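Colleague: with the input below, show me the fold.
(4 chains)
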Number of protein chains: 2
Amino acid sequence: MSKHVLPLLCCSPQTGEPLSAEEAAELARVFKAIADPVRLRLLSLIASHAGGEACVCDLTGAFALTGPTISHHLKVLREAGLVDSERRGTWIYYRVQPDLLAQLSAALVRDTPVKASA
Amino acid sequence: MSKHVLPLLCCSPQTGEPLSAEEAAELARVFKAIADPVRLRLLSLIASHAGGEACVCDLTGAFALTGPTISHHLKVLREAGLVDSERRGTWIYYRVQPDLLAQLSAALVRDTPVKASA
DNA sequence: TCCTTGTTTAGATGTCTGTCTAACCTTCAG
DNA sequence: CTGAAGGTTAGACAGACATCTAAACAAGGA
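Modeller: Prediction:
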């Protein structure tokens, strides 16, 4: 529904199908969780550990931030589905969810259907 | 520098190398620009148009938002390097920068070096 | 030249978010 | 059971952000 009723030809015709408002909202929710320097480093740190998991105690030591702040960021990542946590004895271990990251990664390149068809 | 001096073995050893604080800050800057439903749809709309470019006039019509608000979001995308704009006569055309999107996409999967080596 | 249309800039405002301190829950060792 | 250490929750506060209205700037047509 373009506002242009006159034959101004201001815009090129659409070819692919853009994100719906719902898809965009869902994607934005997860990207928001990623779009923070601390959380990016947390993800990276967790993924860099052997077995793809790390305990909070070591993560906390990597930042000049208080424990509660790290805990808050981990919660954001957890609620976005980007990490999973499991308590084993005294310590709680965090693990990344590669599937969701792969989905996000794919969404970014799917966003540009400007293949070499030009 | 873990806080653990005792041989508690709380944490698995690191294998890969995590993001530096600078890399994380730079990545977060761009992800922040993406992490908004309106901007995601803008990117998608621009990319979906033939030739990979679209003018503001048509983008504005796709949202229940005022012109200045759309302009603000486009500016954020532009300053993040995600889109490029060019004026041709009356209208200004926006084009996505696939290279940066591809970089982001790669960063997300590079983040998880948990290959099938386990 | 003046007017109309497209687009951006400036300023204001309400909401969201990152960080802290203090308090609480969980697990293990005596 | 009691104490200590790991980790989370609750509440407060400063800074950032999305949105709007009003005004300004740019390009084209009468």
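
Colleague: avg pLDDT for stretch A:64-71?
Modeller: For stretch A:64-71, mean pLDDT is 96.

Colleague: can you give me how far that stretch is from the chain middle?
Modeller: Centre-to-centre, stretch A:64-71 and its host chain are 20 Å apart (C-alpha atoms, centre = their mean, to the nearest Å).

Colleague: then stretch A:40-55?
Modeller: Between the centre of stretch A:40-55 and the centre of its chain there are 15 Å (C-alpha atoms, centre = their mean).

Colleague: avg pLDDT for that stretch?
Modeller: Here the average pLDDT along stretch A:40-55 is 91.

Colleague: near DNA strand D at all, that stretch?
Modeller: Yes. Against DNA strand D, stretch A:40-55 shows contacts by C-beta under 7 Å from any atom of the strand at A:C55. C-beta here means a position set from N, CA and C on the backbone, and glycine is covered the same way.

Colleague: report whether that stretch contacts DNA strand C.
Modeller: No. Looking at stretch A:40-55 against DNA strand C by C-beta under 7 Å from any atom of the strand, there are no contacts, and the closest approach is 10.0 Å.

Colleague: export that stretch as PDB, just CAs?
Modeller: C-alpha atoms of stretch A:40-55 as PDB (Å, rounded to 0.1, in the frame of the first residue of the first chain):
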ATOM      1  CA  LEU A  40      28.900 -11.100  23.500                       C
ATOM      2  CA  ARG A  41      32.000 -11.800  25.500                       C
ATOM      3  CA  LEU A  42      30.100 -14.100  27.900                       C
ATOM      4  CA  LEU A  43      28.800 -16.100  24.900                       C
ATOM      5  CA  SER A  44      32.300 -16.200  23.500                       C
ATOM      6  CA  LEU A  45      33.800 -17.200  26.800                       C
ATOM      7  CA  ILE A  46      31.400 -20.000  27.300                       C
ATOM      8  CA  ALA A  47      31.800 -21.300  23.800                       C
ATOM      9  CA  SER A  48      35.600 -21.100  24.100                       C
ATOM     10  CA  HIS A  49      35.600 -23.400  27.100                       C
ATOM     11  CA  ALA A  50      36.300 -27.100  26.600                       C
ATOM     12  CA  GLY A  51      33.000 -28.900  26.100                       C
ATOM     13  CA  GLY A  52      31.200 -25.700  25.300                       C
ATOM     14  CA  GLU A  53      30.400 -25.000  28.900                       C
ATOM     15  CA  ALA A  54      31.700 -22.800  31.700                       C
ATOM     16  CA  CYS A  55      30.800 -22.100  35.200                       C
END
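
Colleague: all helices of chain A, in order?
Modeller: In chain A, the segments counted as helices under DSSP state H are A:21-34, A:37-48, A:56-61, A:67-79, A:98-110.

Colleague: ok, A:A35 - how many residues close by?
Modeller: When neighbours are counted by other C-beta atoms under 10 Å in any protein chain shown, A:A35 registers 20.
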